[in-house]
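Novice: the following comprises the amino acid sequence and a computationally predicted model.
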Amino acid sequence: LPYARVQARNISCTEIGGDFYDVVDTPEGLAVVITDVSGKGISAAIMATMIQGMLRSDLAARLPLDQVAAAANRYFNQREVGGKYATLVILRLHTGGILEYINCGHIPPLLIRGGSVSRLPSDNVPIGLLRDIEYTAGRLELARGDRILMVTDGVTEAANAEEEFFGDERLEAAVQGESFHSVFAALDQFCAGTPFNDDCTVVELTYLGEAQSAVQERASAAIAAD
């Protein structure tokens, strides 16, 4: 899209994983999702597929983010899912830079703005743990060039041969690199060949700015006119 860029990568620690990410372009704005279903293997993957379909449908229907999370929570609690639950983050970026977000028990996303790194708060429990719970969403305004980076806990809990975790501090240092791939380079260097013990997913959303959007739209219109 002219006002936003998304980069993402998933590395499964087994043949079938329980992490997923999704990107949904809606009239309300660009929605980006990252989810980590408890457990591994086929059961986690099936549950992830069901959640992905629900979230995509509700986002396309322009539901508020708190209602999207509440609907997913009701689904978990109304079905026999073997005690499974899921953490998730949903972002919805509007062309003018307003970012809506909701975090349900997930690792807080990182906001990279200039040379500083901060975290968006996590105010909700994971979906599937409690019945009839209310979820709350937040809002902030992004400036051109701001980045939001989301990861699953397979990244921060990746271990090296000494069983030391990659952790939050190394992640925050890695995201200050100019390239999205700097996170994976830092992971590879830290783990030094030690296999991942959980699925690793990294998603980065960059706001390109409303001015950039207008320039590209005018360029597209000129090409179409020719």
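Specialist: Right, received. Where do you want to start? Residues are numbered from 1 along each chain as shown.
Novice: can you pull out the strands in the protein?
Specialist: 4-11, 19-26, 29-37, 86-93, 98-104, 110-113, 116-119, 138-141, 147-151, 200-207 (DSSP state E).
Novice: okay if I get these as a markdown table plus distance to residue 166?
Specialist: From N, CA and C alone the C-beta is placed, and that goes for glycine too. Output for these, formatted as a markdown table (distance: least, CB to CB, whole Å):
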| stretch | distance to residue 166 |
| --- | --- |
| strand 4-11 | 13 |
| strand 19-26 | 16 |
| strand 29-37 | 16 |
| strand 86-93 | 18 |
| strand 98-104 | 20 |
| strand 110-113 | 14 |
| strand 116-119 | 16 |
| strand 138-141 | 27 |
| strand 147-151 | 10 |
| strand 200-207 | 10 |
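Novice: got those strands as TSV, with distance to residue 179 and mean pLDDT columns?
Specialist: Listed next are the strands of the chain as TSV, based on distance: least, CB to CB, whole Å; pLDDT from 0 to 100:
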stretch	distance to residue 179	mean pLDDT
strand 4-11	9	91
strand 19-26	19	91
strand 29-37	19	93
strand 86-93	21	95
strand 98-104	22	97
strand 110-113	12	94
strand 116-119	15	92
strand 138-141	24	95
strand 147-151	11	94
strand 200-207	10	93
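Novice: these two touch, right, residue 52 and residue 19?
Specialist: No: taking CB atoms under 8 Å as the definition, residue 52 is not a contact partner of residue 19, at 10.9 Å.
Novice: about what we covered before: quick one: the strands of the chain as TSV, columns for distance to residue 79 and mean neighbour count too.
Specialist: Output for the strands of the chain, formatted as TSV (distance: least, CB to CB, whole Å; neighbours: other CB atoms under 10 Å):
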stretch	distance to residue 79	mean neighbour count
strand 4-11	25	16
strand 19-26	18	18
strand 29-37	13	24
strand 86-93	13	25
strand 98-104	17	22
strand 110-113	33	18
strand 116-119	32	12
strand 138-141	29	12
strand 147-151	26	24
strand 200-207	24	24
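Novice: which neighbours do residue 52 and residue 19 share?
Specialist: Contact criterion CB atoms under 8 Å, 6 or more residues apart in numbering; residues shared by residue 52 and residue 19: residue 35.
Novice: what's the longest helix in this protein?
Specialist: Secondary structure assigned by DSSP state H gives helix 41-60 as the longest helix of the chain.
Novice: buried ones in that helix, by neighbour count?
Specialist: 43, 44, 45, 47, 48, 50, 51, 55, 56, 58, 59 (16 or more other CB atoms under 10 Å).
Novice: where are the low-confidence patches of the chain?
Specialist: In the predicted model of the chain, residues 13-17, 80-82, 177-178, 211-226 satisfy pLDDT under 70.
Novice: the residue positioned nearest the centre of it pairs with what?
Specialist: The centre of the chain sits closest to residue 34, judged by CA atoms, centre = their mean, with a distance of 3.4 Å. Following DSSP bridges, residue 34 is listed with bridge partners residue 21, residue 89.
Novice: wait, it touches residue 102, no?
Specialist: No: under the criterion of CB under 8 Å, residue 34 makes no contact with residue 102, lying 11.6 Å away.
Novice: need the overlap of contacts for the two.
Specialist: With CB under 8 Å, 6+ apart, residue 34 and residue 102 have common neighbours residue 89.
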